[in-house]
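Enquirer: Here's my sequence, what's the structure:
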Amino acid sequence: MAPTPITPDAVIEELLQLANPDFKDGMQRFGIDSSTALGIRLPALRALARQIKKNHPLALQLWDTNVHEARLLAIFIAEPKQVTEELLECWVNDFSSWDICDQACSGLFIKTPFAYAKALEWTGSTDEFRKRAGFVMMATLAVHDKKAPDTSFLQFFPYLVQGATDNRNFVKKAVNWALRQIGKRNLFLNGQAIDLADQLKQSGSKSASWIASGALRELVSPQVQERLHKKEARRSR
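Expert: Presented below is the predicted three-dimensional model:
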């Protein structure tokens, strides 16, 4: 006998059992839109996702509930190979909170064939979360796409320069994140990222200067420099 399919209603019922009103109240302190949230910590959602396993049809149904945690769960159980460009556009249009944006981009979207193209495209948006999504994609691709050539990340630099003048909090933090992650890949990109940060610092833009100062503190730090030099030495053997 085939197993009984898991329904969205059953999942929502499970989420309601995990809900914590006190945690929901605290979400606002972290800048998370809790208007549709139940108040569930991320480890509990990930544990539930492991129980459900990958289930793309269910993921689509959970996303459509508009419940904050159901959408996070949808991201965790969606099947990257079944994610279409149309789905990316549909979901990114629904972003209204940085945590949904970041989890979708870093855990799902970068695993699709559209990742680099969408990273470039979305940074040109006027919508705050769509624009953030583009830079989050750049940051997480820099971490997870280990085999990508340096040119894949150098192409991001003009977009970082353009995005650095955006004063909106969720955008400028994502630009800073992307610049730092690219600059920690290897010594060559570290040098390029430091040069770009110096350029931003001299641009006269308050947000660009903030981005540059934060990036430089990390990129020139002894810890990062030591790790990158050791990495380069291992590669040269």
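
Enquirer: Could you pull out the buried residues of stretch 89-107?
Expert: Residues 91-92, 95-107 are the ones in stretch 89-107 that count as buried (16 or more other Cβ atoms under 10 Å). Placement of C-beta: from N, CA and C, glycine included.

Enquirer: Go through those and flag which are in helices.
Expert: Per DSSP state H, helices hold the following members of these: Trp91, Val92, Trp98, Asp99, Ile100, Cys101, Asp102, Gln103, Ala104, Cys105, Ser106, Gly107.

Enquirer: Wait, the second one touches Ala133, no?
Expert: Put plainly, it is Val92. Yes - taking Cβ atoms under 8 Å as the definition, Val92 is a contact partner of Ala133 at 5.4 Å.

Enquirer: Overlap in contacts, these two.
Expert: Cys101, Ala104, Lys118, Trp122 (Cβ atoms under 8 Å, 6 or more residues apart in numbering).

Enquirer: helices and strands of this structure: which one has the lowest mean pLDDT?
Expert: helix 21-27 (a mean of 89; mean pLDDT, DSSP states H and E).

Enquirer: tell me the centre residue of this protein?
Expert: Asp102 (3.1 Å; Cα atoms, centre = their mean).

Enquirer: Could you check how far Gly204 is from Phe153?
Expert: From Gly204 across to Phe153, the span is 26 Å (Cβ to Cβ, to the nearest Å).

Enquirer: Equivalent analysis for Ala193, please.
Expert: From Ala193 to Phe153 the distance is 9 Å (Cβ to Cβ).

Enquirer: list residues touching both of these two?
Expert: Contacts common to Ala193 and Phe153, judged by Cβ under 8 Å, 6+ apart, are Ile182.

Enquirer: of these two, who's got more company?
Expert: Using other Cβ atoms under 10 Å, the more surrounded residue of Ala193 and Phe153 is Ala193, with 27 against 24.

Enquirer: tell me which residues in the helix or strand encompassing the more buried one are buried?
Expert: Per DSSP states H and E, Ala193 falls inside helix 187-201. When burial is assessed from 16+ other Cβ under 10 Å, helix 187-201 yields the following buried residues: Leu189, Asn190, Gln192, Ala193, Ile194, Leu196, Ala197, Leu200, Lys201.

Enquirer: Would you mind listing the buried residues in stretch 120-134?
Expert: Buried residues in stretch 120-134, defined by neighbour count with 16+ other Cβ under 10 Å: Glu121, Trp122, Thr123, Glu128, Phe129, Arg130, Lys131, Arg132, Ala133, Gly134.

Enquirer: Relative to Trp122, how far out is the fifth one?
Expert: If I follow you right, that is Phe129. 9 Å.

Enquirer: With that, I have no additional questions.
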